[in-house]
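J.: sequence first, then the predicted structure, then my questions.
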Amino acid sequence: MADLLIKNIGVLASPKGQAPLKGADMSNITIAENCVIAAEKGIITYIGTEKDAPKSKEVLDAGGRLITPGLVDAHTHLVFGGWRQHEFELKLKGAAYLDILKAGGGILSTVEKTRAATEDELFNKAKDISLKMAKHGTTTIEAKSGYGLNLEDELKQLKVVKRLNNETDLDFVSTFMGAHAVPPEYKGRSEDYIDFICNEVMPIAAAEKLADFCDIFCETGVFDAILSEKLLLKARELGLKLKIHADEINPVGGSELAGRMKCHSAEHLIAATDEGIDLCAKGGVIAVLLPATSFYLDKPYARARYMMDKGIAVAVASDFNPGSSPNFNMQFPMNLACLKYKMTPKEALSAVTLNAAAAIGMADKIGSIEIRKKADIVIWDAPDLDYLFYRYGNNQALYTIKNGGIL
Ligand code: IZC
Ligand code: ZN
């Protein structure tokens, strides 16, 4: 007896497998028509015709609509205090993202607010936001620390992510990003700060199993490629998987480093060089691209098609954060992936499902609608995949199903 049967599915669109789809393979999307899906104990147990389907306690009628795997948001800075609306006019008048940071604002203004917030306050805010993300089709969320920048407040953020994972229906993957900016206490001493993170913060985060990944902001005026390598080597030694914010604004060697170190993923890559992209391809690095950030910072768009031609597996995520991407609705970066990266709807679907799951080390459990994977499914108010990606600006998620339960 199944727990949930979704019947009257017009179109099921999903990638397949447990490995990221590279380049041209990203368009390998299975399209099935007029099928039903059954789930038991949160896992998909049946995909097929209605007449052969198991009996189920609950039946949901998809009304002939499109279903896809639940969206995987593989890059967010979800846990933070305050917002940054007070910097909006500055930005509109032309202040650059890195100049605002240099003047003590940007990330550092969020650090102040995050340090001042209690764990419960951060938890309640992030929980509220993540439930709204779910209403927009997101079922799994990667969340980074990086607004504490000291031992206590970095651990506070990571504990919030752990609690979100334990206390909500959604899945969360935690990334330690103590090297997100140089805090005021270490102003002008980025090397000392990296030593502090390597010796006094990251070992505790790793020992307490508060993070799966480590990430660093490799950027002009933040951390250079040499310090990034030092930190990532230490992270690897501590058993963390490696991510890197690489070439978001300037090409400072981040993508080259990601490729050489065979990082699990490289994020942004807006300004990545041909050589950096080649090295990422050789190193099997997943590119996590964040088009909503290009939009919001009014920057160029990453060369997704070029990366795909080089055989890279590309994922697309929201980059939800209070500064450069204050939007958690994945449908917006999905539209941009088509309109700006020129991905087809099939490629873009792979980018926000299976490839995004692979980018956070979860492709064996989520990212596709297949027997034995989690029943993480979105029923869209759309008749087919093209329609989902061609419409924009309104929430098209009708039902979000996580572990076989309707959220
Ligand atoms: O709070 O500005 N790029 N980190 C690197 C961010 C954007 C988040 C922020
Ligand atoms: Zn980021």
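T.: Thanks, I have it. Ligands and ions are numbered 1, 2, ... in the order given.
J.: find the centremost residue of this structure, please.
T.: Centroid-nearest residue in the chain: Ala74, 1.7 Å away (criterion: C-alpha atoms, centre = their mean).
J.: quick one, phi/psi of that residue?
T.: phi -90, psi 0 (degrees, to the nearest 10).
J.: distance of it from Glu50?
T.: Using C-beta to C-beta, to the nearest Å, one obtains 34 Å as the distance from Ala74 to Glu50. The C-beta positions use only the backbone N, C-alpha and C, and glycine is treated the same way.
J.: cool, Glu167 as well?
T.: Glu167 sits 36 Å away from Glu50, going by C-beta to C-beta.
J.: thinking again about what came up before, so who does the residue nearest to the centre of the chain touch?
T.: Going by C-beta atoms under 8 Å, 6 or more residues apart in numbering, Ala74 touches Glu142, Ser265, Val288, Ala315, Ala317, Ala356, Ala357, Ala359, Ile360.
J.: could I get these as TSV with secondary structure?
T.: As requested, the contacts of Ala74 are exported to TSV (DSSP: H, G, I helix; E, B strand; the rest coil):
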residue	secondary structure
Glu142	strand
Ser265	strand
Val288	strand
Ala315	strand
Ala317	coil
Ala356	helix
Ala357	helix
Ala359	helix
Ile360	coil
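J.: now a PyMOL select for only the buried ones of those.
T.: Per 16 or more other C-beta atoms under 10 Å, the buried members of the contacts of Ala74 correspond to this PyMOL selection:
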select buried, resi 142+265+288+315+317+356+357+359+360
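J.: could the contacts of Ala74 go into CSV alongside pLDDT and distance to ligand 1?
T.: What follows is these, written out as CSV (pLDDT from 0 to 100; distance: C-beta to the nearest ligand atom, whole Å):
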residue, pLDDT, distance to ligand 1
Glu142, 99, 14
Ser265, 99, 15
Val288, 99, 12
Ala315, 99, 17
Ala317, 99, 12
Ala356, 99, 18
Ala357, 99, 23
Ala359, 99, 17
Ile360, 99, 17
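J.: residues of the stretch 51-200 of the chain that sit close to ligand 1?
T.: With C-beta under 6 Å from any ligand atom as the criterion, the stretch 51-200 of the chain meets ligand 1 at residues His77, Gly106, Ile107, Thr110.
J.: in the stretch 51-200 of the chain, which spans are helices?
T.: Ranges of helices within the stretch 51-200 of the chain are 88-92, 97-102, 107-116, 119-135, 151-167, 190-196, based on DSSP state H, counting those that start in this stretch.
J.: closest to Ala351 out of those?
T.: Nearest of the helices of the stretch 51-200 of the chain to Ala351, taken as C-beta to C-beta: helix 119-135 at 17.1 Å.
J.: who touches that closest one?
T.: Contacts of helix 119-135 (C-beta under 8 Å, 6+ apart): 73, 78-81, 114, 117, 138, 141, 143, 156-157, 159-161, 163-164, 167-170, 172, 320, 328-330, 395, 397, 400, 402, 407.
J.: among the residues you listed, the buried ones, what's the PyMOL command?
T.: In PyMOL, this line selects whichever of those come out buried by 16+ other C-beta under 10 Å:
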select buried, resi 73+78+79+80+81+114+117+138+141+143+156+157+159+160+161+163+164+168+169+170+172+320+328+329+330+397+400+402+407
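J.: quick revisit: how near is the residue nearest to the centre of the chain to Ser228?
T.: 20 Å.
J.: please apply the same query to Ile312.
T.: 20 Å.
J.: do Ala32 as well
T.: 44 Å.
J.: the more surrounded of these two?
T.: Neighbours per residue, other C-beta atoms under 10 Å: of Ala32 and Ser228, the larger number sits with Ser228, 29 against 15.
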